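Student: next come a sequence and a model predicted from it.
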Amino acid sequence: MISRAELVRRVRAAQARGERVVMCHGCFDVLHAGHVHHLESAAGLGEMLIVTVTADAHVGKGPNRPVVPAAQRARCLAALAAVDLVAINDAPTAERLIAAVRPDIYAKGPDYALTDDNRFRAERIAAERFGGRVAFTSGDVVLSSTRLIAELNLAPSPAPLDSTPNATPDAAPDEQPIARERLLRRMRMWRGLRIAVVGEVIIDRYMLCERDATASADEVLRMRPMGERSYDGGSAVIARHVAALGARPTLITVLPRDERANEIEARLVRAGVEVRAVRSGSVLPEKLRYACGGRPVAALDVERGLRVEGRDWNRVLRAAADDAAGWDAVIVPDFGLGLFNVPRMRELCALLRPGAGVMAGDVSGARAHLAAMRAMDVLCPNEGELRAAMGGPRDDLEILAATLRDTTGCSNLVVTRGRRGLMAFERSRAWSLPARARRVVDPLGCGDALLAAATLSLAAGGELAEACALGSMAAAVQAGRLGNDAVGIDDVCAAMEPDAPRSADDSASRMFRPRHDHLPAAHAEPA
């Protein structure tokens, strides 16, 4: 631990050597795994990591806080391999210290991304005034010291999450719980919405197997086939989700001229989906999954991409343009199988944007075209898809999100993160939601269910927080099933029932709150 003056001197010396200096600031009261992950991630952003600790008089976390005095907190931080220098900050915020130190990067956790918190806004301005920038660490592990301390009975428990908008230390000032009744009202508004889905149809085929008990332990996994199931996947299952959730979907796609495609179209019509299919010489793409013990154990993408000639694409455009001004929402999922390329994606967006109430997009696969989607109201990639599209395998998620929004003109971005839930980026703020599934059987199709429910919520006039909450519920339902069945409105209603809460924070009104202090758990992977 060093003085403020010595800290500034060493930072200047490091910068004179051409080193990037990263600064983190916080209370760090009861150091935990979330802190360690945050600091290790921050250290990777530069060559020197300095950490400043809030003095005891300014912790402001409630009675009997801090639990650990500042000098001891600083000593624990200094012992971490990722940390180079530690100092105690005697001011209520880090604003003046940042102005004195002038770090190249001021690093905060993902819960601060684009937050409206006045203290952080001042710190951000101070960092940027002298040529620095703010970065947000990846947030693989996010914990709350306040909640951890309460659970260990080291201090009085914090107020219930529903009692005040600022009951948790990292909450945004305007954060409010989303009541279950409000979400139910929004779901009732889904009925009858006209939704267009434009994209490829995929066959999701499952080989059901049992493990060969005679195989020796050192052999590869050996299984016996017990049966087979096939599901209408890709854009077809999104359209089926939309129908099962009460809306009126129209699927615009390309299908081959064969009996299997005829059967798919007939099934979709029976499920309440209008199908506008351009028939071509294509072969249906397949994704093959091997399931053993009721869970997928291996996957094989037998894609055989679509052959969509220019004349067939023009027919797709004509089918999409018919009634284009009457769509309450348009969903464009790109599975990278040949229907879209960059010019086609931009052409479709330009055609449908003027008349569509809401436009939503998502991608799957390495050959999809996320960055070509233009002027969408919401994009819903997973974190890997976002990083692949933006070429940033190690960049901060907030930076990648801002780059994608600037590139595409997208209003909102929802980045799904598997068991870590999702991060939502609006124009003025960002926030997180934990994943909701109590039991994960099969993550395939969770993103499709989330996309369908979230789009309907936006089309019904809901805010992004409502869309994410209901989308997460639909994804959780899908995660609990083997195979790609449609998620219905009754399924989502059942998923939000408060009769079997996972924890004290999981009542019906709390589980729809955009949260900044989510605890890790085994959750769904809404890919």
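Tutor: Here it is on my side, so go on.

Student: quick check: phi and psi on Ser41?
Tutor: phi -70, psi -40 (degrees, to the nearest 10).

Student: wait, it sits on Ala135?
Tutor: No - using C-beta atoms under 8 Å, Ser41 makes no contact with Ala135, being 9.2 Å away. C-betas here are computed from N, CA, C, even on glycine.

Student: which residues do those two both contact?
Tutor: The overlap between the contact sets of Ser41 and Ala135 (C-beta atoms under 8 Å, 6 or more residues apart in numbering) consists of Ala107.

Student: so Val492, which state does it fall into?
Tutor: helix (DSSP: H, G, I helix; E, B strand; the rest coil).

Student: which residue is the nearest non-sequential neighbour of it?
Tutor: Excluding its sequence neighbours, the residue lying closest to Val492 (C-beta to C-beta, 6 or more residues apart in numbering) is Met473, at 4.9 Å.

Student: who's in contact with that neighbour?
Tutor: 436, 453, 492, 495-496.

Student: with Glu383 instead?
Tutor: 397, 415-418 are the contacts of Glu383 under C-beta under 8 Å, 6+ apart.

Student: who wins for most neighbours among these?
Tutor: Thr416 (31 neighbours; other C-beta atoms under 10 Å).

Student: tell me the pLDDT at that one?
Tutor: At Thr416, the model reports a pLDDT of 94.

Student: list the buried residues for stretch 373-384?
Tutor: 373-383 (16 or more other C-beta atoms under 10 Å).

Student: show me how far that stretch is from its chain's centre.
Tutor: Taking C-alpha atoms, centre = their mean, to the nearest Å, one finds stretch 373-384 lying 11 Å from the centre of the chain it belongs to.

Student: kindly report the same for stretch 120-140.
Tutor: 22 Å.

Student: what does it contact?
Tutor: Taking C-beta under 8 Å, 6+ apart as the rule, stretch 120-140 contacts 22-23, 25, 37-38, 41-42, 45, 93-96, 98-99, 102-113, 115, 396-399, 420, 423, 432.

Student: out of those residues, which are buried?
Tutor: 22-23, 25, 37-38, 41-42, 45, 93-96, 98, 102-113, 115, 396-399, 420, 423, 432.

Student: keep only those of those that are in helices.
Tutor: 37-38, 41-42, 95-96, 98, 397-399 (DSSP state H).

Student: any chance of those residues in a markdown table, plus pLDDT and distance to Ala277?
Tutor: Below are those laid out as a markdown table (pLDDT from 0 to 100; distance: C-beta to C-beta, whole Å):
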| residue | pLDDT | distance to Ala277 |
| --- | --- | --- |
| His37 | 85 | 48 |
| His38 | 87 | 50 |
| Ser41 | 86 | 47 |
| Ala42 | 88 | 51 |
| Glu95 | 92 | 60 |
| Arg96 | 92 | 64 |
| Ile98 | 94 | 58 |
| Leu397 | 83 | 38 |
| Glu398 | 82 | 41 |
| Ile399 | 85 | 41 |
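
Student: which pLDDT value belongs to the nearest residue in space to Asp301 that is not next to it in sequence?
Tutor: Excluding the flanking residues, the one nearest Asp301 by C-beta to C-beta, 6+ apart is Lys287, at 5.3 Å. Looking at Lys287, its pLDDT stands at 89.

Student: shouldn't Lys287 be within a strand?
Tutor: Yes - counting by three-state DSSP, Lys287 falls inside a strand.

Student: surely it touches Arg205?
Tutor: Yes - counting by C-beta under 8 Å, Lys287 touches Arg205, with 7.1 Å between them.

Student: looking at those two, which is more packed in?
Tutor: Lys287 (22 against 18).

Student: residues touching that one, list them.
Tutor: 202-205, 233, 299-303.

Student: how close does it sit to Arg224?
Tutor: Separation of Lys287 from Arg224 (C-beta to C-beta, to the nearest Å) stands at 22 Å.

Student: state the pair within the buried residues of stretch 373-384 that is farthest apart.
Tutor: Ala375 and Glu383 (23.0 Å; C-beta to C-beta).

Student: any weak-confidence spans in the stretch 201-350 of the chain?
Tutor: For the stretch 201-350 of the chain, residues meeting the criterion pLDDT under 70 lie at 213-219, 302-305.

Student: which stretches of it form helices?
Tutor: Taking DSSP state H, counting those that start in this stretch as the criterion, the stretch 201-350 of the chain carries its helices at 235-244, 259-270, 310-321, 342-352.

Student: out of those, deepest packed?
Tutor: Highest mean neighbour count of the helices of the stretch 201-350 of the chain: helix 235-244, a mean of 28 (counted as mean count of other C-beta atoms under 10 Å).

Student: what's that one in contact with?
Tutor: With C-beta under 8 Å, 6+ apart, helix 235-244 has contacts from 195, 197-202, 204, 231-232, 249-251, 253, 264, 268, 271-273, 331, 333, 335, 445, 448-449, 451-453, 455-456, 474, 484, 486-489, 491.

Student: the residue nearest the centre of the chain: what's it in contact with?
Tutor: With distances taken as C-alpha atoms, centre = their mean, Thr416 lies nearest the centre of the chain, 2.2 Å away. Shown in contact with Thr416 (C-beta under 8 Å, 6+ apart): 380-383, 422, 446-447, 450, 475, 526-527.

Student: just these: which are in strands?
Tutor: Among these, DSSP state E puts Leu422 in strands.

Student: among the contacts of Thr416, which are in helices?
Tutor: Per DSSP H, the subset of those in helices is 383, 446-447, 450, 475.

Student: make TSV out of those residues and add distance to Cys76 and pLDDT.
Tutor: Shown next, in TSV, are these (distance: C-beta to C-beta, whole Å; pLDDT from 0 to 100):
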residue	distance to Cys76	pLDDT
Glu383	30	91
Cys446	39	94
Gly447	40	95
Leu450	39	97
Ala475	38	95
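
Student: out of those residues, who's the most crowded?
Tutor: Ala475 (33 neighbours).

Student: so who does Val332 touch?
Tutor: Val332 touches 198-199, 345, 348-349, 359-362, 373, 376, counting by C-beta under 8 Å, 6+ apart.

Student: er, Asn262 I mean
Tutor: Neighbours of Asn262 in contact, by C-beta under 8 Å, 6+ apart: none.

Student: one more time with 10 Å
Tutor: 255-256, 277, 279 (C-beta atoms under 10 Å, 6 or more residues apart in numbering).

Student: what's the farthest-apart pair in those?
Tutor: Going by C-beta to C-beta, the pair spanning the contacts of Asn262 furthest: Pro256 and Ala277, at 9.6 Å.

Student: for these two, list the residues in contact with both.
Tutor: 201, 262, 264.

Student: the second one and Leu255, how far apart?
Tutor: With distances defined as C-beta to C-beta, the gap from Asn262 to Leu255 amounts to 8 Å.

Student: repeat that for the first one.
Tutor: From Val201 across to Leu255, the span is 6 Å (C-beta to C-beta).

Student: those two - which one has more neighbours?
Tutor: Val201 (29 against 22).

Student: just grab the bridge partners of the more buried one for me.
Tutor: Beta bridges link Val201 to Gly234 when assigned by DSSP bridges.

Student: isn't it up against Val273?
Tutor: No - using C-beta atoms under 10 Å, Val201 is not in contact with Val273, being 11.0 Å away.

Student: related to what we said a few turns ago, show me how far the helix or strand in which the residue nearest to Val492 is found is from its chain's centre.
Tutor: Per DSSP states H and E: Met473 is located in helix 464-479. Offset of helix 464-479 from its chain centre (C-alpha atoms, centre = their mean): 11 Å.
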